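Participant: Provide a 3D model corresponding to the input given below.
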Amino acid sequence: MLIMLIFSMFLSGIISFTLNRKHLLLMLLSLEFIVISLYLNLYFYLSMSNYEYFFSMIFLTMSVCEGALGLSILTLMTRVHGNDYIMTFSSLW
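Facilitator: Next up, the predicted model:
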């Protein structure tokens, strides 16, 4: 039952990521939702297998770095272009 809940969280994050591909902020939010569902899956796997949780701390560190990088790119694009719609940037395509 818990696996189905985590899988549905992951699948809804993937669907929202693909449907909101024109808006960078919504893409970042759905990407963080995917990371949270992957972290829950990793945590429950490690707790069921009686392993240590060191790898989950490394995963959280990498996901925080990914989130900070995404927000810095969002800030840069908003300052340069004035909005965060991907399809209006002429430098990307």
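Participant: quick one: the helices in this protein?
Facilitator: 2-19, 24-48, 54-81 (DSSP state H).
Participant: orientation of the second one relative to helix 2-19 in degrees?
Facilitator: Note on geometry: by axes from the mean of the first three to the mean of the last three C-alpha atoms, to 10 degrees, helix 24-48 and helix 2-19 are set 160 degrees apart in direction.
Participant: contacts for helix 24-48 next, please.
Facilitator: Contacts with helix 24-48, where a contact means C-beta atoms under 8 Å, 6 or more residues apart in numbering, come from 2, 6, 9-10, 12-14, 16-17, 20-21, 52-53, 55-56, 59-60, 63, 66-67, 70-71, 73-74, 77, 84-86. All C-beta atoms are positioned from the backbone trio N, CA, C, and that covers glycine.
Participant: what's the answer for stretch 59-75, then?
Facilitator: By C-beta under 8 Å, 6+ apart, stretch 59-75 touches 24, 25, 28, 31, 32, 35, 38, 39, 42, 84.
Participant: phi, psi for the last one please.
Facilitator: This points to residue 84. The phi/psi pair for residue 84 (degrees, to the nearest 10) reads phi -120, psi 30.
Participant: list the contacts for it?
Facilitator: 23, 24, 25, 74, 77, 78.
Participant: any chance of a markdown table for those, columns pLDDT?
Facilitator: As requested, these are exported to a markdown table (pLDDT from 0 to 100):
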| residue | pLDDT |
| --- | --- |
| 23 | 83 |
| 24 | 83 |
| 25 | 85 |
| 74 | 84 |
| 77 | 82 |
| 78 | 83 |
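Participant: buried ones among those?
Facilitator: 23, 24, 77 (16 or more other C-beta atoms under 10 Å).
Participant: cool, thanks, signing off.
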